[in-house]
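*Asks:* got a predicted structure plus its sequence, pasted below:
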Amino acid sequence: MTAPSDVFDRPRIRLKPKANARAIRHGAPWVFDNEVVTDRRTRKIAPGTVAVLEDDNRAPLGLVAVNPGSRILARMLDRDPEAELNAAWFEARLTRALALRERLFDAPFYRLVHAEADGFPGVIIDRFGEACVIQPNAAWAEAHLELLSAALIKVTGVSTVLKNASGRTRALEGLDDQNAVLAGAAPTAPVPVLMNGATYMADLTGGQKTGLFYDQRPNHAFAARLAGQGTRVLDVFSHVGGFALAMLAGGAGSALAVDGSAPALALAEQGALASGLAGRFETRQGDAFDVLTALAEEGETFDVVICDPPAFAPSKQALDAGLRAYERVARLAAALVRPGGYLGLCSCSHAADLSRFREASVRGIGRAGRSAQLIHTGFAGPDHPQLPQLAESGYLKAVFFRL
């Protein structure tokens, strides 16, 4: 290929002799700060700068995005060190991502870009019909946001592109927390999203993250299979209706949704109304641990209890405390399941792998004095593909037990 004019002007960063260049060659997407020769020149590179990564013998490994202020100092963008991040580059990657989703789904409601697994390190894009919400969680993406937004409109045909700047990852990259409208006009009302027979209401501007958690779609579908006529469901950390609405659509007799956010529960109630399920749906606002304890004191029991908490272990440093929290959730929830009923427990903490999360859940069930059969293990849907060389891309786990 013909090299772009800035190829020879690009900074170069070099791996230390003991760094694992083989892992990079075999697809590892991240280079940490302790793996790079960080001399004065490297430390002066502006966050988001595109550079060439070299091994310790100065052989090029690829094109990377550099942020000297981040623990992840370099993110692999392209194995071709002479690649140019122009409109064609963004359009080609988005076209490839779109092709997968259009094969999987018959309506344009899905995660369109799942970061490294789709070739966009640190970038999340969720699609809601004619609108897309971008989370540019890495400095390079923030620097190329105009190009990305324009390519997104060209490839997908959406009319609205929003930037969501929430989340701890942006702070770790030294980025702001300011949301923005990049194209079109922000929706003035929640966007209805049909999944698993229920309608969910996504607030694209004021909701959590991008407005809806598409990753749980297949786990909602499995839970719906547990719903029978007269089944009583408890959905804790419900957000906008989560498991509750899917199970009601699947035939459950009633569902109680619990969440700490009043706006989220209001959206859940709107979703229940839009789904024709309002007569069997109730909400209860409060701290999940407090509500679980109170329900036990009130003598309540349920046929199915689902708990889908936020990330209790967002980092390795928080792992021990997070596992204790997952154990506590399991203990409190198991006490509310009727004999022969079902308990579903979820974790979106990448630091807590499936084995440790399952062990914590089983300990909690045991501490509640219950015995269990593990009947199903679920993960994120296929619009959240995993990069095999990056364990963090397989963050979501769901385990279902019969007690």
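*Replies:* Everything's here; your move.
*Asks:* mind listing the strands for the stretch 301-403 of the chain?
*Replies:* Counting by DSSP state E, counting those that start in this stretch, the stretch 301-403 of the chain has strands at residues 302-307, 337-347, 373-378, 397-402.
*Asks:* for these, which one ends up most surrounded?
*Replies:* Among the strands of the stretch 301-403 of the chain, the stretch with the highest mean neighbour count (mean count of other Cβ atoms under 10 Å) is strand 302-307, at a mean of 26. In short, each C-beta sits where N, CA and C put it, glycine included.
*Asks:* chain center to the helix-or-strand element of the chain with minimal mean pLDDT, what's the gap?
*Replies:* The helix or strand of the chain with the lowest confidence, counting by mean pLDDT, DSSP states H and E, is helix 168-172 at a mean of 84. Here helix 168-172 shows a centroid-to-chain-centroid distance of 14 Å under the convention Cα atoms, centre = their mean, to the nearest Å.
*Asks:* can you check stretch 19-29 too?
*Replies:* 25 Å.
*Asks:* name the surrounding residues that touch it.
*Replies:* Contacts to stretch 19-29, defined as Cβ atoms under 8 Å, 6 or more residues apart in numbering, come from residues 15, 31, 35-36, 53, 55-56, 61-62, 75-76, 116, 121, 387-390.
*Asks:* looking at those residues, which are in strands?
*Replies:* 31, 53, 61-62, 75-76 (DSSP state E).
*Asks:* spatially, which two of those residues are the most separated?
*Replies:* Using Cβ to Cβ, the ones in strands among the contacts of stretch 19-29 span at most 12.6 Å, a distance reached by Leu61 and Arg75.
*Asks:* more neighbours, the two?
*Replies:* Per other Cβ atoms under 10 Å, whichever of Leu61 and Arg75 has more neighbours is Arg75, with 23 against 20.
*Asks:* residue contacts, the more buried one?
*Replies:* Listed by Cβ under 8 Å, 6+ apart, the contact set of Arg75 reads 29-31, 64-65, 116, 121-122, 138, 140.
*Asks:* repeat that with 10 Å
*Replies:* When contacts are counted by Cβ atoms under 10 Å, 6 or more residues apart in numbering, Arg75 is found next to 29-31, 53, 64-67, 115-116, 120-122, 138-141.
*Asks:* report the beta-bridge partner residues of it.
*Replies:* Listed by DSSP bridges, the beta-bridge partners for Arg75 are Trp30, Ala65.
*Asks:* just checking, Ile33 touches Leu15?
*Replies:* One thing to correct before we go on: residue 33 is Asp, not Ile. No - with contact defined as Cβ atoms under 10 Å, Asp33 does not reach Leu15; the gap is 11.8 Å.
*Asks:* wasn't Thr199 part of a helix?
*Replies:* No - looking at Thr199 with DSSP: H, G, I helix; E, B strand; the rest coil, it is strand, so not inside a helix.
*Asks:* tell me, what's touching Leu61 and Arg75 both at once?
*Replies:* Shared contacts of Leu61 and Arg75, counting by Cβ under 10 Å, 6+ apart, come down to 31, 53.
*Asks:* mind listing what's buried along stretch 178-187?
*Replies:* The neighbour-count check on stretch 178-187 (16 or more other Cβ atoms under 10 Å) flags 182-183, 187 as buried.
*Asks:* keeping just the C-alphas, turn it into PDB.
*Replies:* Extracted in PDB, the C-alpha atoms of stretch 178-187 (Å, rounded to 0.1, in the frame of the first residue of the first chain):
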ATOM      1  CA  GLN A 178     -19.600  15.700  29.200                       C
ATOM      2  CA  ASN A 179     -22.300  14.100  27.100                       C
ATOM      3  CA  ALA A 180     -23.000  15.600  23.700                       C
ATOM      4  CA  VAL A 181     -25.100  15.500  20.600                       C
ATOM      5  CA  LEU A 182     -22.800  14.700  17.700                       C
ATOM      6  CA  ALA A 183     -25.400  14.600  14.900                       C
ATOM      7  CA  GLY A 184     -29.200  15.100  14.600                       C
ATOM      8  CA  ALA A 185     -31.300  15.800  17.600                       C
ATOM      9  CA  ALA A 186     -31.500  14.000  21.000                       C
ATOM     10  CA  PRO A 187     -34.700  12.100  21.500                       C
END
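*Asks:* closest one to Leu212 out of the ones in strands among the contacts of stretch 19-29, please.
*Replies:* Distances from Leu212 to these, taken by Cβ to Cβ, are shortest for Arg75, at 26.3 Å.
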